[in-house]
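S.K.: could you work out the structure for the sequence below:
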Amino acid sequence: MDWSTKMRGLVFACLLVSTGSAVDNKTLINPLSAVTTPPALSAAHNGMTVPAVASMTTLSPAQKALLDTCLKPFSGTNTTCFYRSQKCANSSRRLPYATGPDNATVVDTAAAFAPSTELWAGLLVFLGILVGAISLAQVFMLIRKRVYKDKDSIASAFDGGGSISGGLTASTIVAQWTWAATLLQSSNVASKYGVSGAFWYASGATIQILLFAMLASQLRVRAPGAKTFLRVIHARFGPKTHIVYVVFAFATNLIVTAMLMTGGAAVANALIKNCPVVLASVMVAAIVACHTLIGGMGALFYVSYCCSAIILVVILYFLTQVFYVGSLTHPGMGSMESVYNAISCLNTPDKYGNKDHSYNTFFSQSGLIFGIINIVGNFGTVFVDQSYWQIAIASKPRQVVYGYLLGGLVWFAVPFGMATSMGLGYQAMSSQAGRPLLTDDDAGRGLVPAIVAQELLGTQGAFLVLVVVILAVVSTASAEVMAVTSIIVHDLYQIYFKPFRRDNDTNCCVLCGKARGRMANPVDKCECISKTKCKDCYYDDVTRTQRKHTVPPDFKCAIHGDYRRYMEVMDRLKNWCLILCSFALIPLTILLDVLSIQLGWLYGSMGVVVGSAVIPISLSVCWTRLTAEGMIAGAVGGCVAALATWLGLAARNPNGLSASTFYQNTGEDFAMLGGNLVAILGGGLICVIVSYMTEPQMDIHEIWSFTYDIDNPLYPWAEMYQTELGLTDGNKLDNRPTFQSVYSTFKTTSWLAIIVSVSLSIIMVILWPAGMIGV
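M.R.: Numbering: from 1, shown residues only. Predicted structure coming up:
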């Protein structure tokens, strides 16, 4: 080794004993620093840790050899070398080093991310998605009117007709569960923790969809007429418990929407030149409002299908470019071997706890902690989010089980493919460049995919990232808006603000007020039929369709006329709610931008806030011994305990919960981990204990009879299930099948959901990582 190489190694090693001052966002390395006593050689493996030393004369031969392999440590107080060996450093495309004040050597650090897409091109993306979404919504409405002869939009606005296929259900789940964070944050954690980060993001957020198949099938069997999961809680536990969980449902929708808009606004602002956050949020709100207003939930299925297809195609394209094709500007990319070799040259920081400081290992302490936080937090955003129950309501039991199981497996490919291509590709490019491509702040904003696509593919790559992120934001934001609207219409307006019959007994017919079913008097019982078999309703539909005036004629049907007028009022309320909720995205996005809340912090904290409601909600559709007191105590008590744990652990860090360090300290791994675990486990434990200490409000043998009373008299759920149940007169509102008959019919489907979802979840989070833990 020549003298110049030795001196260069010494100059870079002296970084750790320099004053650490910065000039123009660059790190100074002062070769003239001196100490009087040479420190002991710290433990090192393959050139990983830099000894804090002063001059060449104070070093032993072993220390000199170690310094030769460490060309650049990480920034700050981290003593881990950027490269693992001198050979790796020599093969990189490092920029020349400049000279700073006092003849100190200056090493370039990550620069701020620069947008590459012109404003007009970005607006064309938004407008193209807007036109496509509106066209799909119009197609759906034509199909409903021409094929299914559906004239009442409110009847299919929230369930798409109630008979969506398993494949369409799966594609909707893929699109709805693909947030902006799925594409952005998955790549970020892969760039931090390596392959373990990519795996734990994908598997840790897949099992919730798989396990939700069990609850979805139980809902369709035990409360087939419910339009929201909150209606089941109201039927079983009454208004107080219902209001508590309405609050948790709204909080979940708010947090999920905040993450969507934060990620979407960050990428739009970063990729599009001179694009303000307000403009991006206005365009997203317009897209969401237009297609949901036109087609409702049914249009959302069609839009989600197209969004899923485009996102998967783009991810496959990125995978091909990173691992097979490459780029002229990055000759080290384009093969799995070259990417692997580039990543193998890098060390992970000490704080992540990766085995041998490698990005190519499953053995990562921080990666595992993130995986646990990811698993616990995402249970809240699925099980407490009405949008996922909405998908279940739109399908029959068999289709919903197939859809959720298939959708969960397909969705795994989205974050795993994005993270392995863009997250690991980011580290490979950083290895070649001799420095991280992004600052920590930019990486935390979710810009890892953007910089990789832009460096590898130029403007085309940045454009594709922009397209998939906007599609992810639009599809999921639309589902969240539909969920909030559904809760307002079915759980607030229809129950508290203006019910059709304020003093109606749940066992009485909504239309005539007479008793029906198990407690009906044969002499004076309900004899109403559904709208589909009503001749008067048919003539009303014909008259209103063939009208020549703008104002439609009034309903003449004596049985359904009043209720159909009531449904029209609800339909107008639904339209206003969709518009208001869609454009509420604008001030929410602006507020989040002003507060400078990072996507990663929101993602980790969501489980702390809503995780305590997961187990109580799950038990509400399957456990007869559950009580109202247990439901309230579990959700509220678990949330309070989780917040106290989270903030208490964060307060132990330097500067505690002060304004300057609040996001940093509350975003630490152990604080997030403690808060998330206490939320989900504490909420469930409190719920079960309190339920056993209190008595149920109704006979446990009659519980599901009360949930069967939740129904739409125009389109009763028995009519929808009459083929599966073998009913001949399911159109009669009084002819409702028993719980045992429905359960027996779909028993195989329920057990299939339990066995397959639990087995796949065990494989995902236990067997698979256990087999790879030593790698």
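S.K.: is it true that Met259 touches Leu183?
M.R.: No. Contact criterion Cβ atoms under 8 Å: Met259 and Leu183 do not qualify, at 11.9 Å. Where C-beta positions appear, they are placed from N, C-alpha and C, glycine not excepted.
S.K.: and the helix or strand containing Phe463, what does it pack against?
M.R.: Using DSSP states H and E, the element containing Phe463 is helix 459-486. Packed against helix 459-486 by the contact rule (3 or more Cβ pairs under 8 Å, 6 or more residues apart in numbering; DSSP states H and E) you find helix 119-146, helix 166-177, helix 180-193, helix 239-271, helix 277-320, helix 386-393, helix 448-457, helix 561-583.
S.K.: where does the prediction get shaky in the stretch 51-200 of the chain?
M.R.: By pLDDT under 70, the weakly predicted segments of the stretch 51-200 of the chain are 51-80, 83-113, 145, 147-162.
S.K.: ok, now the stretch 301-450 of the chain?
M.R.: By pLDDT under 70, the weakly predicted segments of the stretch 301-450 of the chain are 328-329, 331-332.
S.K.: helices along that one, start to end?
M.R.: For the stretch 301-450 of the chain, the helices defined by DSSP state H, counting those that start in this stretch occupy 336-344, 365-383, 386-393, 397-418, 424-433, 440-444, 448-457.
S.K.: likewise the stretch 501-650 of the chain?
M.R.: For the stretch 501-650 of the chain, the helices defined by DSSP H, counting those that start in this stretch occupy 535-545, 561-583, 585-595, 599-610, 614-620, 628-651.
S.K.: report how many residues lie close to the closest residue to Gly611 other than its chain neighbours.
M.R.: Of all residues not flanking Gly611 in the chain, Ala679 sits nearest, at 3.3 Å (Cβ to Cβ, 6 or more residues apart in numbering). Neighbourhood size, Ala679 [other Cβ atoms under 10 Å]: 32.
S.K.: Ala679 reaches Val608, doesn't it?
M.R.: Yes. The criterion here is Cβ under 8 Å, and Ala679 meets it with Val608 at 5.4 Å.
S.K.: now render the helices of the stretch 301-450 of the chain as CSV, adding distance to Ser358.
M.R.: Listed next are the helices of the stretch 301-450 of the chain as CSV, based on distance: least, Cβ to Cβ, whole Å:
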stretch, distance to Ser358
helix 336-344, 7
helix 365-383, 12
helix 386-393, 37
helix 397-418, 19
helix 424-433, 11
helix 440-444, 20
helix 448-457, 19
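S.K.: ok, back up a step: the helices of the stretch 501-650 of the chain into JSON lines, with extra columns for distance to Ser387?
M.R.: Converted to JSON lines, the helices of the stretch 501-650 of the chain look like this (distance: least, Cβ to Cβ, whole Å):
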{"stretch": "helix 535-545", "distance to Ser387": "31"}
{"stretch": "helix 561-583", "distance to Ser387": "12"}
{"stretch": "helix 585-595", "distance to Ser387": "15"}
{"stretch": "helix 599-610", "distance to Ser387": "14"}
{"stretch": "helix 614-620", "distance to Ser387": "14"}
{"stretch": "helix 628-651", "distance to Ser387": "19"}
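S.K.: what about those, which gets the closest to Val303?
M.R.: Nearest to Val303, of all those, is helix 561-583, at 13.9 Å by Cβ to Cβ.
S.K.: by contact count, what packs against the closest one?
M.R.: The contact analysis (3+ Cβ pairs under 8 Å, 6+ apart) places helix 561-583 against helix 153-157, helix 277-320, helix 459-486, helix 535-545.
S.K.: could you pull out the buried residues of the helix holding Phe463?
M.R.: Within helix 459-486, the residues scored as buried using 16 or more other Cβ atoms under 10 Å are 461-486.
S.K.: what mean pLDDT does that helix get?
M.R.: Averaging pLDDT along helix 459-486 yields 88.
S.K.: centre of the chain to that helix, how far?
M.R.: Centroid separation between helix 459-486 and its chain, computed with Cα atoms, centre = their mean, to the nearest Å, is 12 Å.
S.K.: ok, which of the helices and strands packed on helix 561-583 comes nearest Ala641?
M.R.: Distance to Ala641, taken as Cβ to Cβ, is lowest for helix 459-486 among the helices and strands packed on helix 561-583, at 26.9 Å.
S.K.: that older thread, and among the helices and strands packed on helix 459-486, the most buried is which?
M.R.: Most buried of the helices and strands packed on helix 459-486, by mean neighbour count (mean count of other Cβ atoms under 10 Å): helix 180-193, with a mean of 29.
S.K.: chain center to stretch 403-420, what's the gap?
M.R.: 12 Å.
S.K.: of all the helices of the stretch 301-450 of the chain, which lies closest to Pro239?
M.R.: helix 386-393 (18.1 Å).
S.K.: distance of the closest residue to His357 other than its chain neighbours from Tyr566?
M.R.: Once flanking residues are discounted, His357 sits nearest to Asn347: 4.1 Å by Cβ to Cβ, 6+ apart. Here the criterion is Cβ to Cβ, to the nearest Å. By it, Asn347 lies 67 Å from Tyr566.
S.K.: circling back: in TSV, list the helices and strands packed on helix 459-486 along with distance to Gln546.
M.R.: TSV is the format used below for the helices and strands packed on helix 459-486 (distance: least, Cβ to Cβ, whole Å):
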stretch	distance to Gln546
helix 119-146	14
helix 166-177	33
helix 180-193	46
helix 239-271	41
helix 277-320	23
helix 386-393	33
helix 448-457	54
helix 561-583	17
